[in-house]
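Participant: What follows is a predicted structure for the sequence shown.
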Number of protein chains: 2
Amino acid sequence: MSVNLPAPNPDELYPIAGVRIGVTEAGIRKAQRKDLTVVLIDPGASVSGVFTQNRFCAAPVQLCRQHLASGAGIRALLINTGNANAGTGEDGRARALGTCLTLARKLGISAAQVLPFSTGVIMETLPVERIEAGLDGALADVREDNWLRGAEGIMTTDTVAKAFGTQVLVGGALVSITGISKGAGMIRPNMATMLGFMATDACVSQALMQQLATELAEASFNRVTVDGDTSTNDSFVVIATNKAMHVPIESLDSPDGRALRSAMLGVAKKLAQAIVRDGEGATKFITLKVEGGKTPFECRQVAYAVAHSPLVKTAFFASDPNLGRILAAVGYAGISDLDQTRIDLYLDEVHVVTQGGRHPAYREEEGQRVMKQSEITVRVLLGRGDAADTVWTCDLSHDYVTINADYRS
Amino acid sequence: MSVNLPAPNPDELYPIAGVRIGVTEAGIRKAQRKDLTVVLIDPGASVSGVFTQNRFCAAPVQLCRQHLASGAGIRALLINTGNANAGTGEDGRARALGTCLTLARKLGISAAQVLPFSTGVIMETLPVERIEAGLDGALADVREDNWLRGAEGIMTTDTVAKAFGTQVLVGGALVSITGISKGAGMIRPNMATMLGFMATDACVSQALMQQLATELAEASFNRVTVDGDTSTNDSFVVIATNKAMHVPIESLDSPDGRALRSAMLGVAKKLAQAIVRDGEGATKFITLKVEGGKTPFECRQVAYAVAHSPLVKTAFFASDPNLGRILAAVGYAGISDLDQTRIDLYLDEVHVVTQGGRHPAYREEEGQRVMKQSEITVRVLLGRGDAADTVWTCDLSHDYVTINADYRS
């Protein structure tokens, strides 16, 4: 089902000194599924995260925010699938905290040093006893070279495990970056959630970590959409274990900072795009480039309006160059002073619309040819400024309806 | 395919003195289809309209706005299906104006007294010659008791003609109200467009007409959504022929004004809801009531977030009480200070969520029972104020994808 998304390449999944991953089958919702993952982090790491903007955020997200804010050095991540622990009120928070406490006791750390993550069905009670019973098995499994198993451990309706890595020279040291992700941010508030975890052995001060996590998320996970549904549990965590032999990075604008950020962003983009490529029912991977706006924000408004239009998405599914649907979405994106006579539209290199009307040289066969591809770039030129932005999305197919209409049954 | 939407009741379609309707088959896109409708209005009528907010509004919408603003008394509506004349640039405006001119010459009026409406495929050239060739046939067909034929003449992918009427006492006179609509506002920017036309023989000053049209649209057509796609051509026109024997209404807050407004709103709501009931692939009619907000606007924000969520809509299609999806949509609706611990949720009379968590007494069988109905009311209580608002929508089914993926081919 996925679009040009091969299985992870093991050679690319670099162990990160100071990060060990263990996975087990805890039977949280179904038997014989890898559904419980622990990530152990050596002391001295810098850790930060970015979380869902959904006001109905899940209990674990609330705890993550508290624990990160507490300043206790984060030493472990505890991730379960099969249950989102969202829409569960005070009881849900108590249960999430209970699992953190149990893991903390086993590790000799405090509960505030554990970040919990849950993904699965909303509004069901977290089976704390099964998670706690599974912890020893997960801890027995921890290894530094366990990223692939970690990627598998956090999968829900994903059809392909998502893991990428790279290496880059920072301050004369070769540092490694590896990350895993699951779900599809805005498409699965049920078997909920986008989760992303990235680690590097590079040295980054804790003071810089929030900026780094935010910048990475903004240009990767916050630029993908499948159906516009923002999950209650979305979480993205970045870990720098500070084990590499280089002078710690104090600014992302320094040469070392830029090199690390750029390499990490490359991995983050792959992780985010993998979510779209594995989007429910996806048959096409669409890149939406909006240029010539007054601000990047309004370019994103337009890109998201196009990306979320069920009519545009079904046209992509059908390989139908029904491009008026794109114009209509551009028109209702919310730019109140948009001048339609300045709009140009390209499908890959095919010039479809000029000055708001059909390009005289445009022939439908040309549009048809591009629409049949599995990877398509839509370029909208707004003609009102120099700003630009890009969003990635997929089409809307029968399988999307089938998966989401039949999922729980 | 439609949800509890019977064919129009001819006894309810009252002729409106001063309004004559004629329909013909002009072969605009396909042969042997009623695709051209004229509405002739006697001199002295008050006419106003409300149009799409889409910045890519179609050529006829641009002309409607100009002609209404010109102050020339509107004497005719000219409506074609099969072609939206949108995304057609300056040429599209010239063609729309050309058809107005030709009809105006035949009627001995000016082009500014004609309002043009087009609905159909976007970005194709309006076949002016076919429209002009069809005008004599449409004019030969005009009658006051022709509303049902008018409703049929403006249908595109509609499966049921939409026409409703009522009578009400205003200032001691029995006045009639009849209206027709087509399409589904935000679901068909392709065979584009919601169109609504209402007429009454009541006496309403032209000065009041814009307020009347706006208030009617706000509480009816602006409260329905199928998939959030705002068409390039949406138009709603209200005509008061001033033929009834009562003192003209000068204020909508007078007893007569309120009586007329209320009766017209009843018809407008039926016309708007009929569009949802006939929504592409719809199998369920959903009423979303959001209460306890600080403002009606934020209540609508929440209602639309729920109404547009593909995950909520597919759950309705599957009769799956997967109600966490509704909570997730409430959470991302954009109320930044929403407190999830104050949210309650009802499915019809079943209390599902209290204080942000699952209601202790809620049993899934109860939710399942309601979800299987063809008409469902979702009530969300925000617990932060006294404002409320209501939106109507439908589910998202396989047929929606089929219709929109296969439509043009």
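Facilitator: Cool, got the structure. These numbers were taken from a predicted model, which means no experiment stands behind them. Numbering: from 1, shown residues only, chains lettered A, B, ... in the order given.
Participant: Show me which residues of stretch A:26-33 are buried.
Facilitator: By neighbour count on 16 or more other Cβ atoms under 10 Å in any protein chain shown, the buried set for stretch A:26-33 is A:Ala26, A:Gly27, A:Ile28, A:Arg29, A:Arg33. Using the backbone N, CA and C atoms, a C-beta is placed for each residue, glycine as well.
Participant: where's the first one, which helix or strand?
Facilitator: For A:Ala26, there is no enclosing helix or strand under DSSP states H and E.
Participant: For it, give me the pLDDT.
Facilitator: With respect to pLDDT, A:Ala26 scores 97.
Participant: Ok, the last one next?
Facilitator: A:Arg33 is assigned a pLDDT of 94 by the prediction.
Participant: May I ask you to confirm that A:Met264 belongs to a helix?
Facilitator: Yes - counting by DSSP: H, G, I helix; E, B strand; the rest coil, A:Met264 is found in a helix.
Participant: you'd agree it is up against A:Met198?
Facilitator: Yes - with contact defined as Cβ atoms under 8 Å, A:Met264 reaches A:Met198; the gap is 6.5 Å.
Participant: list the residues that contact both of these two?
Facilitator: Residues touching both A:Met264 and A:Met198 (Cβ atoms under 8 Å, 6 or more residues apart in numbering or on different chains) are A:Ile177, A:Leu216, A:Val238.
Participant: Find the pair from the buried residues of stretch A:26-33 with maximum spatial separation.
Facilitator: The most widely separated members of the buried residues of stretch A:26-33, counting by Cβ to Cβ, are A:Ala26 and A:Arg29 (9.5 Å).
Participant: which residues are in contact with both of the two?
Facilitator: A:Asp35.
Participant: ok, now which ones touch the closest residue to A:Ala387 other than its chain neighbours?
Facilitator: For A:Ala387, ignoring the flanking residues on the chain, the nearest one in space by Cβ to Cβ, 6 or more residues apart in numbering or on different chains is A:Gly293 at 4.4 Å. Residues near A:Gly293 by Cβ under 8 Å, 6+ apart: A:Cys299, A:Val302, A:Leu382, A:Arg384, A:Gly385, A:Ala387, A:Ala388, A:Asp389.
Participant: switch the cut-off to 10 Å
Facilitator: By Cβ atoms under 10 Å, 6 or more residues apart in numbering or on different chains, A:Gly293 lies in contact with A:299-303, A:335, A:338, A:380-389.
Participant: Can you give me the distance of it to chain B?
Facilitator: Distance, A:Gly293 to chain B, by Cβ to the nearest Cβ, to the nearest Å: 13 Å.
Participant: List the residues that contact A:Gly165.
Facilitator: By Cβ under 10 Å, 6+ apart, the contact set of A:Gly165 is A:8-16, A:147, A:176-180, A:198-200, A:263, A:267, A:270.
Participant: where does the stretch 201-350 of chain A have low pLDDT?
Facilitator: Where the stretch 201-350 of chain A drops to pLDDT under 70, the residues are A:227-231.
Participant: quick one on the thing from earlier: contacts with chain B among the buried residues of stretch A:26-33, please.
Facilitator: Counting by Cβ under 10 Å from any Cβ of the partner chain, the subset of those that neighbours chain B is empty.
Participant: can you tell me which of these lies nearest to chain B?
Facilitator: Nearest to chain B among the buried residues of stretch A:26-33, counting by Cβ to the nearest Cβ, is A:Arg29 at 14.1 Å.
Participant: Hmm, that closest one is touching A:Asn80, no?
Facilitator: Yes - using Cβ atoms under 10 Å, A:Arg29 makes contact with A:Asn80 at a distance of 9.2 Å.
Participant: which residues do the two both contact?
Facilitator: Taking Cβ under 10 Å, 6+ apart as the criterion, A:Arg29 and A:Asn80 both touch A:Asp35, A:Gly120, A:Pro127, A:Arg130.
Participant: Next, give phi and psi for the last one.
Facilitator: Here is the backbone geometry of A:Arg130 (degrees, to the nearest 10): phi -70, psi -40.
Participant: If I look at it, what pLDDT would I see?
Facilitator: 97.
Participant: so who does it touch?
Facilitator: Neighbour list for A:Arg130: A:Ala26, A:Gly27, A:Ile28, A:Arg29, A:Asp35, A:Leu36, A:Asn80, A:Gly82, A:Asn83 [criterion: Cβ under 10 Å, 6+ apart].
Participant: In space, what's closest to the residue lying farthest from the centre of chain A - neighbours in sequence excluded?
Facilitator: When distances to the mean C-alpha position of chain A are computed (Cα atoms, centre = their mean), the maximum falls on A:Pro360, with 40.5 Å. Using Cβ to Cβ, 6+ apart and skipping the chain neighbours, the partner closest in space to A:Pro360 is A:Thr354 (7.9 Å).
Participant: For that neighbour, give the beta-bridge partners.
Facilitator: Taking DSSP bridges as the rule, A:Thr354 bridges to A:Gly357.
Participant: can you tell me which residues contact it?
Facilitator: Contacts for A:Thr354 (Cβ under 10 Å, 6+ apart) come out as A:Thr341, A:Arg342, A:Ile343, A:Asp344, A:Leu345, A:Tyr346, A:Pro360, A:Ala361, A:Tyr362, A:Leu381, B:Gly89.
Participant: A:Val353 too?
Facilitator: A:323-324, A:326-327, A:330, A:340, A:343-347, A:359, A:362, A:380-381, B:87, B:89, B:123.
Participant: So chain A: which segments form each domain?
Facilitator: Domain ranges of chain A: A:10-277, A:285-406, per automatic domain parsing.
Participant: Quick one: closest of the ones you listed to B:Asn4.
Facilitator: Distance to B:Asn4, taken as Cβ to Cβ, is lowest for domain A:285-406 among the domains of chain A, at 21.1 Å.
Participant: Would you quantify the distance from A:Thr81 to A:Pro127?
Facilitator: Between A:Thr81 and A:Pro127 the computed distance is 12 Å (Cβ to Cβ, to the nearest Å).
Participant: Now for the two: what residues contact both?
Facilitator: Common neighbours of A:Thr81 and A:Pro127 are listed as A:Ala26, A:Ile28, A:Arg29 (criterion: Cβ under 10 Å, 6+ apart).
Participant: Pipe those residues into JSON lines and attach distance to A:Gln62 per row.
Facilitator: Output for these, formatted as JSON lines (distance: Cβ to Cβ, whole Å):
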{"residue": "A:Ala26", "distance to A:Gln62": "22"}
{"residue": "A:Ile28", "distance to A:Gln62": "20"}
{"residue": "A:Arg29", "distance to A:Gln62": "22"}
